[in-house]
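In: I need the structure of the sequence given here:
(2 chains)
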Number of protein chains: 2
Amino acid sequence: MRELQLLGAISELLTPASASTLKSVGDDAAVSLHSGPIATSVDQTVAGVHADMGHFTHEDFGWRSVATAISDLAAMGAVPAEVLLALALPVDTSEADARSLLAGADAAAVASGARIIGGDIVSSPTLSAAVTVIGTQQEEQQFTTRDGACAGDLVGVTGDLGASAAGLIQLRAGVTDELSLRHRRPTPRTLEGQALARAGVSSMIDISDGIATDAGHLGRASSVRLLIDLPSLPIRPEVEEAASRAGVDPLTLAACGGEDFELLFTATREVAEVIGTSIAGTQVSWIGSVVEGEAGTDLAEKNLTGWEHGA
Amino acid sequence: MRELQLLGAISELLTPASASTLKSVGDDAAVSLHSGPIATSVDQTVAGVHADMGHFTHEDFGWRSVATAISDLAAMGAVPAEVLLALALPVDTSEADARSLLAGADAAAVASGARIIGGDIVSSPTLSAAVTVIGTQQEEQQFTTRDGACAGDLVGVTGDLGASAAGLIQLRAGVTDELSLRHRRPTPRTLEGQALARAGVSSMIDISDGIATDAGHLGRASSVRLLIDLPSLPIRPEVEEAASRAGVDPLTLAACGGEDFELLFTATREVAEVIGTSIAGTQVSWIGSVVEGEAGTDLAEKNLTGWEHGA
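Out: Modelled structure (predicted):
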């Protein structure tokens, strides 16, 4: 389909913008007014790298591309406000597929309280989306960054781990179940991130590459070492079953599978006690502690290999 | 090269952020504080579609991707402030090429007074960049949009047209000259856009698809008809020569070549008289007028064919 046809259809396909957006889709730029600091981030989803189109519908692809970008705002405790959607579509993309992609993207934005206010559509040999998100601060609440972890803090994580990787195993085995949805339609932990920020966690990051890698990012940003107790990682029985059928250690999926988009955070013991075992209705697990030492992370002594995820 | 290696090198490669950026590269999101409305836009450059890598260096590619995104801010009369750079690199991209690309992107941002404050780097079969730009308002000066053209206004354009298309002709002929630079390293008309906004132009758009298409966008947004007098289009003698050698009508290059990133605008006769024949040191040509009628544009009666540009 031609770019102009799709651009013409966009305003009718997208949920109308909110009051903070003074000018939405249709000019050289969108215009917005936010009274305080804003958090901005961009995240890309590339077909064949982050999303196997043998398993993803175009609607899944649109959802995933926006949801993973919003996950970065969740990790700041930000309130998602606006989304800019840059789409690169192969020339043989049908109008129906393009519309489905936009519908999935719009749905993911709206599910987190945000709106798509602009974008760009070009042709490319490779289907991809680059999604820019703008989030605002909760009232009187600073953004939570990666660099505030202190020795003595505890390490917590929302939800459960390994489900996206296990979902991909299911999809490759031809099974469409709740796990496969966790892979195709990740849900950013937006409300959880906001509640954790209000509770006063000292640092936070979302788990996109796998906790092994992302705990290292957080440790290096904070110049501390995160000790993660692998047996404490929250793993659902269904993930263990899928891992077992595939002959993979479930801990490998949980630690290295990536794409779970749960939140990893640190908190003083006092804040951790107040948070307890759930936040905003989602389970919280305490999986380690912060110590001084070479910046980074230790995952006990387990040798985790055998799982590769997208770059 | 590996994504993490490049990410580690980014802070040293980029020009440090400005005071309005509270947190730059290195966290889940960048944080900024702008006191008034902001303009946001995203623009993509795809290798093989918008940039033939047989003619573009990686540094050219980085420059072009940021410059064309900033051009959208110029068309709003905005002051470029911040850039988010989403890069998709083939796995065989060398570290030297990746660094050159970043250097070109940084240089284009800095040349317009903006800074790269965040981004995303992934691998992809196709080299591409999605660049998000954030611009602020000039003091007490509203953004100029596409929808303010009124019947009776005159139509103006900055600089000259067809140079990018002529530059591509030169590159294909193996010639590297000033015209070829216009293709590989477009310069957004940022100061011109700001000055035109202050002068009180009634509508503005940047010329990315070619004046034939972009005048249509402006006419439809304003619900008026733009009559463009083709013989008045500003064309440099070098463009006429390149067109002649290639057997193409120079007017076709000027009207349909695209990628010139000049500014097309409308103004009342009073404002047009004040502007005269130059703005911020750049030539201004008056090339048509605005009338009531079916929204869109008329390009006299000339039949312009034979030139194809990227989608």
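
In: of all of the stretch 51-200 of chain A, which residue lies closest to chain B?
Out: Using CB to the nearest CB, residue A:130 is the residue of the stretch 51-200 of chain A that sits closest to chain B, at 3.3 Å. In short, each C-beta sits where N, CA and C put it, glycine included.

In: what number of residues lie near that residue?
Out: By other CB atoms under 10 Å in any protein chain shown, 33 other residues sit near residue A:130.

In: do the same with residue A:22
Out: Neighbours of residue A:22 (other CB under 10 Å): 16.

In: and the closest residue to residue A:233 other than its chain neighbours, what does it touch?
Out: Counting by CB to CB, 6 or more residues apart in numbering or on different chains, residue A:254 is the residue found nearest to residue A:233 once chain neighbours are left out, at 4.5 Å. Going by CB atoms under 8 Å, 6 or more residues apart in numbering or on different chains, residue A:254 touches A:160, A:161, A:162, A:211, A:233, A:234, A:235, A:239.

In: Repeat that for residue A:56.
Out: A:47, A:64, A:184.

In: Output those residues as CSV; include the columns distance to chain B.
Out: Converted to CSV, the contacts of residue A:56 look like this (distance: CB to the nearest CB, whole Å):
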residue, distance to chain B
A:47, 9
A:64, 13
A:184, 18
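
In: So which residues of the stretch 151-300 of chain A form strands?
Out: Per DSSP state E, counting those that start in this stretch, the stretch 151-300 of chain A carries strands over the ranges A:154-158, A:203-206, A:225-228, A:263-267, A:278-279, A:282-291, A:296-298.

In: So which elements touch the fifth one?
Out: Read it as strand A:278-279. Contacts defined by 3 or more CB pairs under 8 Å, 6 or more residues apart in numbering or on different chains; DSSP states H and E place strand A:278-279 against helix A:190-199.

In: Any part of the helix it packs on near chain B?
Out: No: Helix A:190-199 does not reach chain B (CB under 8 Å from any CB of the partner chain); its nearest approach is 9.6 Å.

In: and the angle from that helix to strand A:263-267?
Out: 10 degrees (axes from the mean of the first three to the mean of the last three CA atoms, to 10 degrees).

In: Report the mean per-residue pLDDT for helix A:190-199.
Out: Mean pLDDT, helix A:190-199: 97.

In: Distance from that helix to the middle of the chain?
Out: Taking CA atoms, centre = their mean, to the nearest Å, one finds the center of helix A:190-199 at 15 Å from the center of the full chain.

In: can you check stretch A:10-19 too?
Out: Counting by CA atoms, centre = their mean, stretch A:10-19 comes out at 23 Å from the chain centroid.

In: Buried residues of it, list them for me.
Out: Buried residues in stretch A:10-19, counted by 16 or more other CB atoms under 10 Å in any protein chain shown: A:10, A:14, A:17.

In: quick one: which of those is nearest residue A:179?
Out: Using CB to CB, residue A:14 is the member of the buried residues of stretch A:10-19 that lies nearest residue A:179, at 30.3 Å.

In: which residues in the stretch 1-150 of chain A form helices?
Out: A:3-13, A:58-74, A:95-111 (DSSP state H, counting those that start in this stretch).

In: and the last one, what does it pack onto?
Out: The reference is to helix A:95-111. helix A:3-13, helix A:58-74, strand A:79-89, strand A:115-123, strand A:128-136.

In: tell me what the longest one is packed against?
Out: Contact analysis of helix A:58-74 by 3+ CB pairs under 8 Å, 6+ apart lists strand A:38-46, strand A:79-89, helix A:95-111, strand A:128-136, helix A:178-184, helix A:190-199, strand A:203-206 as its packing neighbours.

In: how about the strands of the stretch 151-300 of chain A in a markdown table, adding mean neighbour count, mean pLDDT and distance to residue B:180?
Out: Shown next, in a markdown table, are those (neighbours: other CB atoms under 10 Å in any protein chain shown; pLDDT from 0 to 100; distance: least, CB to CB, whole Å):
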| stretch | mean neighbour count | mean pLDDT | distance to residue B:180 |
| --- | --- | --- | --- |
| strand A:154-158 | 25 | 97 | 53 |
| strand A:203-206 | 27 | 96 | 44 |
| strand A:225-228 | 23 | 93 | 52 |
| strand A:263-267 | 30 | 97 | 49 |
| strand A:278-279 | 18 | 97 | 57 |
| strand A:282-291 | 19 | 96 | 55 |
| strand A:296-298 | 19 | 76 | 48 |
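
In: would a markdown table of these with distance to residue B:220 be doable?
Out: Formatted as a markdown table, the strands of the stretch 151-300 of chain A follow (distance: least, CB to CB, whole Å):
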| stretch | distance to residue B:220 |
| --- | --- |
| strand A:154-158 | 47 |
| strand A:203-206 | 41 |
| strand A:225-228 | 55 |
| strand A:263-267 | 45 |
| strand A:278-279 | 49 |
| strand A:282-291 | 47 |
| strand A:296-298 | 55 |
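
In: Just tell me which of the ones you listed ends up closest to residue A:53.
Out: That would be strand A:203-206 among the strands of the stretch 151-300 of chain A, by CB to CB, at 24.1 Å.

In: hmm, that closest one touching chain B?
Out: Yes: with CB under 8 Å from any CB as the measure, strand A:203-206 is seen reaching chain B through A:204, A:205, A:206.

In: so which of these comes closest to residue A:176?
Out: residue A:206 (25.5 Å).

In: residues touching the closest residue to the closest one other than its chain neighbours, list them.
Out: Distances taken as CB to CB, 6+ apart put residue A:75 closest to residue A:206, at 4.0 Å, once the chain neighbours are dropped. Shown in contact with residue A:75 (CB under 8 Å, 6+ apart): A:144, A:193, A:204, A:205, A:206, A:263, B:28, B:29.

In: And residue A:187, by the same measure?
Out: Per CB under 8 Å, 6+ apart, neighbours of residue A:187: A:67, A:111, A:261.

In: so how far is residue A:181 from it?
Out: 9 Å (CB to CB, to the nearest Å).

In: Model confidence at the residue nearest to residue A:78 when sequence neighbours are not counted, what's the number?
Out: In space, residue A:78 comes closest to residue A:135 once its chain neighbours are excluded; the distance is 3.0 Å by CB to CB, 6+ apart. pLDDT recorded at residue A:135 is 97.

In: Residue A:135 pairs with what?
Out: Beta bridges link residue A:135 to residue A:39, residue A:80 when assigned by DSSP bridges.

In: What does the residue nearest to residue A:206 show for phi and psi?
Out: Main-chain torsions, residue A:75, degrees, to the nearest 10: phi -70, psi -10.

In: how near is it to residue A:42?
Out: Taken as CB to CB, the span from residue A:75 to residue A:42 is 14 Å.

In: What of residue A:151?
Out: Taking CB to CB, one finds residue A:151 at 33 Å from residue A:42.

In: who's more crowded, those two?
Out: Neighbour tally, residue A:151 and residue A:42, criterion other CB under 10 Å: the higher count belongs to residue A:42, 25 against 13.

In: For chain A, which element, helix or strand, carries the lowest mean pLDDT?
Out: helix A:3-13 (a mean of 67; mean pLDDT, DSSP states H and E).
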